[in-house]
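**Q** when you get a sec, could you give me coordinates for this:
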Amino acid sequence: MAKREKYKVIRKLDAGGMAEVYEAVAEGIEGFEKKVAIKRVLPHLAENKKFIAMFLDEARLSLHLSHANVVNVFDIGQAGGTYFIVMEYVDGTNLKHLMRMLKERKHILPIEQSVYIIMEVCRGLSYAHGIKDSKGKKLGIVHRDVSPPNILISNQGEVKIVDFGLAKATSQLEKTDPGVVKGKYAYLSPESATGKEVDSRMDIFCAGIVLYELLTGQRLFLGDSDVQTIKNVRAAVVPDMLQYNPNIPHELDQIVRHALAKEPEDRFQTADDFAESLAHFLFTFQLKVTGFDIRRSLDRVVGDPGKDLDKQAIIDKFIEEEIAVFASLDNKMTLRTDLTSRSLAPGPREMSGLGSGMASPPAGMRRDSSQSLPQMYPQSGLHTPPPEPDVYEDDGSEDRQNFFVGLAVTLAIVTIILAVAWALGWIP
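**A** Numbering: from 1, shown residues only. Sure, this is the predicted structure:
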């Protein structure tokens, strides 16, 4: 009996320099299916023993984690000469994409929603920092890459941390080389940017960076080069947030600055402390916020990718309909002009040609109500002499037709403009 494939890949979600992520379906017996995400090491790295050791460390570490604010890992596998991790599939987007969309629209999230997202991040970090092994010993996990790409937001407003690939834990087999900088340069802590030993307070600093950027819509430490960015992190100079967002209360400004203190001992000492301070701020200012609010903001800013396809289909339909109107108007104008010219200068050849070109000439072609065309032939047949030319000189039909054609063209253009504006989100 042929071996049944356990996972069926649907599409690629993302790719980086070391791994790629796919949307897939885990298939079981009796038609059981579950949507998952698969992180696969790029084939050319499969021969790099040190990298594979780090990748497997991430997988082993992640298998210990099970929390609402952490992306769960279900399985580790090997196929096609490389390794992969099977993870929980989060239907939504990451914070980096959300922040980029907000910046393009020159918007920022409401203050309470930004605070809520980082509170949820702190919940996940608190769990990871405090988790213990089967013997009751803390694993000593430090994420070390708390940054917008690694914060996922589901379409239901859930906030989850992903990718413990740079995490440090006492149980890791592959130890980090002393002095080696790990993590994205703009989301390092001062101690990690100098290659010093790090602990859970690094994650607090990085979460503070993300909160600062959410509240202001500005990058905090990003420089013109990687070297300048690292220098900015080491200096840990935090510009005044109020210059970017004057609505930020002083109390919240102080909380963010506390998280971004240069020295680890001057920061919040635990993720719980950071989250509690944020919760106290929301309570003090009577700001209500839940996952429902995040869900609505995500829908307004990012929306459903399928909706873009629907909108494009609607636009295409509008354009097709309007083109059909133009074609119809053009055909009727051509027919009317042709018939008018023939009525003004009729001859046996033209009449014969018209009759032979129509499969079944109408007994009486009468005025079209939509185009206000005059009756061209009486009901007695094609051989009846056509009306005198003065029928077309004084009845004003030419002016009326030009008016309706102009009106139809204007309405068509307005319709297309409104459809495009709606699709781009310029109008609700």
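**Q** lowest-confidence helix or strand of the protein?
**A** helix 348-357 (a mean of 38; mean pLDDT, DSSP states H and E).
**Q** report all helices and strands that the helix or strand encompassing Ser277 contacts.
**A** Assigned by DSSP states H and E, Ser277 belongs to helix 271-284. Applying 3 or more CB pairs under 8 Å, 6 or more residues apart in numbering; DSSP states H and E, one finds that helix 271-284 makes contact with helix 111-130, helix 200-216, helix 250-259. Any C-beta I mention is one placed from the backbone N, CA and C, and that applies to glycine too.
**Q** now those helices as a markdown table including mean neighbour count and mean pLDDT?
**A** Below are the helices and strands packed on helix 271-284 laid out as a markdown table (neighbours: other CB atoms under 10 Å; pLDDT from 0 to 100):
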| stretch | mean neighbour count | mean pLDDT |
| --- | --- | --- |
| helix 111-130 | 23 | 97 |
| helix 200-216 | 25 | 97 |
| helix 250-259 | 18 | 97 |
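**Q** Lys96: which of the ones you listed is closest?
**A** helix 200-216 (9.9 Å; CB to CB).
**Q** beyond the closest one, next helix or strand please.
**A** helix 226-235.
**Q** and the average pLDDT for that following helix is what?
**A** Averaging pLDDT along helix 226-235 gives 95.
**Q** that one packs against which elements?
**A** helix 190-193.
**Q** measure the closest residue to Val71 other than its chain neighbours to Arg296 for me?
**A** Nearest residue to Val71 in three dimensions, chain neighbours excluded: Val162, at 4.1 Å (CB to CB, 6 or more residues apart in numbering). To Arg296, Val162 is 23 Å away according to CB to CB, to the nearest Å.
**Q** those two - which one has more neighbours?
**A** Between Val162 and Arg296, counting by other CB atoms under 10 Å, Val162 is the more crowded of the two (24 against 12).
**Q** map the structural domains onto the sequence of this structure.
**A** Following the assignment in automatic domain parsing, the chain carries domains at 7-88, 92-303, 304-333+366-428.
**Q** for the residue lying closest to Phe51 once chain neighbours are set aside, what are its contacts?
**A** Of all residues not flanking Phe51 in the chain, Leu45 sits nearest, at 5.2 Å (CB to CB, 6+ apart). Residues near Leu45 by CB atoms under 8 Å, 6 or more residues apart in numbering: Met18, Phe51, Ile52, Thr82.
**Q** surely the second one and Val41 touch.
**A** Yes: here Phe51 reaches Val41: they are 7.5 Å apart, a contact under CB atoms under 8 Å.
**Q** got any residues that touch both of those two?
**A** Met18.
**Q** who's more crowded, these two?
**A** Val41 (21 against 17).
**Q** how close does that one sit to Asn150?
**A** 18 Å.
**Q** what do you get for Ala186?
**A** 13 Å.
**Q** more neighbours: these two, which one.
**A** Asn150 (25 against 20).
**Q** contacting residues for the more buried one?
**A** Taking CB under 8 Å, 6+ apart as the test, what Asn150 contacts is Asn94, His143, Ile161, Val162, Asp163.
**Q** where does the stretch 201-350 of the chain have low pLDDT?
**A** Of all residues in the stretch 201-350 of the chain, those with pLDDT under 70 make up the ranges 304-350.
**Q** hmm, 50 instead?
**A** Residue ranges of the stretch 201-350 of the chain with pLDDT under 50: 305-319, 322-323, 325-327, 329, 332-350.
**Q** also the stretch 1-150 of the chain?
**A** Residues of the stretch 1-150 of the chain that meet the cut-off, pLDDT under 50, sit at 1-2.
**Q** would you map the strands across it?
**A** 7-15, 19-27, 33-41, 73-79, 82-88, 92-94 (DSSP state E, counting those that start in this stretch).
**Q** okay, the ones you listed in TSV with distance to Pro190 next?
**A** Listed next are the strands of the stretch 1-150 of the chain as TSV, based on distance: least, CB to CB, whole Å:
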stretch	distance to Pro190
strand 7-15	30
strand 19-27	29
strand 33-41	30
strand 73-79	31
strand 82-88	31
strand 92-94	25
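**Q** of all these, which one comes closest to Glu263?
**A** With CB to CB as the criterion, Glu263 lies closest to strand 92-94 of those, at 30.4 Å.
**Q** could I get the contacting residues of Asn69?
**A** Glu120, Val121, Arg123, Gly124, Tyr127, Glu158, Val159, Lys160, Ile161.
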